[in-house]
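**Student:** Quick one, fold the following:
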Amino acid sequence: MVSSTMTAGDAADQLRPLMPDDLLRAFHRLGMAVGYRNLARAIAALAPKATGKRQTTVEAVVEAIAPPKAVKVHTVKSEDKPIPEPATPIETDGDGMVIRVLQENILAAVNAVYRVVPAQSSLPVCKCIALQTDGGRVRLTATDLETAHVVWAGAQVTVEGGIAIPARALRDGLKGFPKEALTLTVKGKVLTIASDNRRINLTGEDVEDYPPIPKVEGQAFEVDPTALGNAIKETYFAAQTDDSRPTLHAVHCKLESDTMTLAAADGFQLAIHSLHAAGAPEFRECIIPIKALRVLLATLKYTEYPVAVTIGKTQINFDLHERQSITAMLVQGSYPDYAQLIPQSPDHTINVSRKELAEAVNAAIPVARDGSGIVRLAAAHGVLHLSAKAEECGEFNADIPVEMTKWAEAQPCRVAVNSPYLDTMLAAIPDDIVELAVKSPSDPIRIRPVGRDNYTYVVMPIFVSWD
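**Tutor:** The predicted structure is shown next:
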């Protein structure tokens, strides 16, 4: 019986008695086109019908895999283009890889993994990008030994092999070619990139010397790419910007009851976002480094399929439909218990337009910058008064209409906060109305979007004189 959790190789081995060699090759081509996981699921559904009858055909597999017509299918147009043959025959008398690729495909893959390449490394080969053939595609890998990014690009593989090329040289070399088919040939430690009328030779390293990317073992679960991207965007800015405290220069991840909660804090602000995580472990916590999430965030906008997440003992992996994979070392240590920092019983709650508040804060920053970045918020009689002042720069004032949903007459509603913190948070969320919850000038402020309960932001107040 074929299981949907099997690898492509496992499925092929069990199907071998039912499929001639030409169909097995078609099986692998389909796997590259639609993703081996989807293909394995389709084969699992077809296997009972096929057993002993040789009824498993390419047409049946395609029919089982094909999504409904109403569903939008993610495609990479440049990969769908046929790769034309070169004007002159390809030389295959070398001792290494020979492939044909489209310039826009290979350059896009290089640009994607380039974000991970370290400026400095104790292992010089890490300043390279590894190119390797992989099942009829070319696999590009970059790593700084803590974060690894792998991207697969379509290719015509004539000879299997690989090489590691300095990242900047590879990127700049590919930029020098027009958008057309290229031939990549490896001889020794030299990669030759050639079109019909251009050629460049780049010296690299043996791909065997490139650090291997370990497979992360654990229970995989899926999250929606848009929801995950929003969760990262609305939290990671609150993490500490330097690595003096590694656990805070990261984002905390908690899995519980099919819910994934991301939280980031730097001691002065806290951002929390929860999203659905189908099939997540019953309970698990880990700390994800900021760099890995930045790389993931830049990648998520290019996929519409669920992201498969696997958390191991020391690593985490994000698999983007077998087209891209990001693996990162988890940060070791204990994360602060941030739940106790969230104010629960405010004296005042105010609903205000996020756009108007963001515009006022942004306009106040030129003055606030010379006044320790402080903006003051004071609400009364349906108006939020925002002000900033600096002795050498001047003063800024703005009034914003608000809805005061809770009000304590005995306690004035006023607080001072760091303007860059507030400005960054308001720019990170898309909501129309936000709720400001204030207890006193010395208590943290809680900010939540009105209409959704999966996001909370907390910022510490700044002590000022209100005279």
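
**Student:** domains for the protein, by residue range?
**Tutor:** Domain assignment of the chain by automatic domain parsing yields the ranges 8-65, 78-209, 220-338, 342-459.

**Student:** which one of these lies closest to residue 466?
**Tutor:** Taking Cβ to Cβ, domain 342-459 is the member of the domains of the chain nearest to residue 466, at 6.4 Å. For glycine as for every other residue, the C-beta is placed from the backbone atoms N, C-alpha and C.

**Student:** Distance from the chain centre to that closest one, please.
**Tutor:** 30 Å (Cα atoms, centre = their mean, to the nearest Å).

**Student:** end-to-end on it?
**Tutor:** Criterion Cα to Cα, to the nearest Å; first-to-last residue distance in domain 342-459 is 9 Å.

**Student:** Beyond the helix or strand harbouring residue 308, next helix or strand please.
**Tutor:** Element membership for residue 308, per DSSP states H and E: strand 307-311. Reading on from strand 307-311 to the C-terminus, the next helix or strand found by DSSP H and E is strand 315-320.

**Student:** Between strand 315-320 and the helix or strand just after that next one, find me the angle.
**Tutor:** Scanning forward in sequence from strand 315-320 by DSSP H and E, the next helix or strand is strand 324-329. Angle, strand 324-329 to strand 315-320, by axes from the mean of the first three to the mean of the last three Cα atoms, to 10 degrees: 170 degrees.

**Student:** Which secondary structure elements does strand 324-329 sit against?
**Tutor:** The contact analysis (3 or more Cβ pairs under 8 Å, 6 or more residues apart in numbering; DSSP states H and E) places strand 324-329 against strand 147-154, strand 283-289, helix 290-300, strand 315-320.

**Student:** same thing but at 7 Å, please
**Tutor:** strand 147-154, helix 290-300, strand 315-320 (3 or more Cβ pairs under 7 Å, 6 or more residues apart in numbering; DSSP states H and E).

**Student:** Give me the mean pLDDT for that strand.
**Tutor:** Averaging pLDDT along strand 324-329 gives 96.

**Student:** what's in contact with the helix or strand following it?
**Tutor:** Sequence order places strand 348-353 as the next helix or strand after strand 324-329, per DSSP H and E. Under the criterion Cβ atoms under 7 Å, 6 or more residues apart in numbering, residues 379, 384, 400, 402-408, 413, 432-438, 450 lie in contact with strand 348-353.

**Student:** For strand 348-353, C-alpha coordinates in CSV please.
**Tutor:** Backbone C-alpha positions of strand 348-353 (Å, rounded to 0.1, in the frame of the first residue of the first chain) are rendered in CSV as follows:
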residue,chain,number,x,y,z
HIS,A,348,-9.8,53.7,29.7
THR,A,349,-10.4,52.2,26.2
ILE,A,350,-10.4,54.3,23.1
ASN,A,351,-11.2,53.4,19.5
VAL,A,352,-9.2,55.5,17.0
SER,A,353,-8.5,55.4,13.3
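
**Student:** picking up where we left off before, in CSV: the domains of the chain, plus distance to residue 465 and mean neighbour count.
**Tutor:** Output for the domains of the chain, formatted as CSV (distance: least, Cβ to Cβ, whole Å; neighbours: other Cβ atoms under 10 Å):
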stretch, distance to residue 465, mean neighbour count
domain 8-65, 62, 16
domain 78-209, 45, 18
domain 220-338, 20, 19
domain 342-459, 10, 17
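
**Student:** Those domains: lowest mean pLDDT?
**Tutor:** Looking at these, the weakest mean confidence is domain 8-65, a mean of 46.

**Student:** show me the contacts for residue 399.
**Tutor:** Contacts of residue 399 (Cβ under 7 Å, 6+ apart): 383, 385.

**Student:** Partner strands of the strand holding residue 308, with direction?
**Tutor:** According to DSSP bridges, strand 307-311 forms sheet pairs with strand 220-223 (antiparallel), strand 315-320 (antiparallel).

**Student:** I'd like to know which of the ones you listed lies nearest to residue 173.
**Tutor:** Nearest to residue 173, of all those, is strand 315-320, at 26.3 Å by Cβ to Cβ.

**Student:** now the angle between strand 283-289 and that closest one, please.
**Tutor:** 90 degrees.

**Student:** how about the CA coordinates for strand 315-320, as CSV?
**Tutor:** Coordinates of each C-alpha in strand 315-320 appear next as CSV, following Å, rounded to 0.1, in the frame of the first residue of the first chain:
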residue,chain,number,x,y,z
GLN,A,315,16.2,23.1,14.1
ILE,A,316,13.1,24.2,12.3
ASN,A,317,12.2,23.8,8.6
PHE,A,318,9.8,25.6,6.4
ASP,A,319,9.0,23.7,3.2
LEU,A,320,7.3,25.8,0.4
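
**Student:** How far off centre is it?
**Tutor:** On Cα atoms, centre = their mean, the centre of strand 315-320 falls 10 Å from that of its chain.

**Student:** Would you mind getting the angle between it and strand 147-154?
**Tutor:** 30 degrees.

**Student:** what does strand 315-320 rub up against?
**Tutor:** Here strand 315-320 makes contact (Cβ under 7 Å, 6+ apart) with 214, 216, 286, 288, 296, 299, 303, 307-310, 325-330.

**Student:** Ok, stretch 455-467 next?
**Tutor:** Contacts for stretch 455-467 (Cβ under 7 Å, 6+ apart): 234, 268-273, 341-342, 374, 376, 414-418, 421-422, 425, 429, 441-449.

**Student:** who does residue 203 bridge with?
**Tutor:** Residues in beta-bridge contact with residue 203 (DSSP bridges): residue 190.
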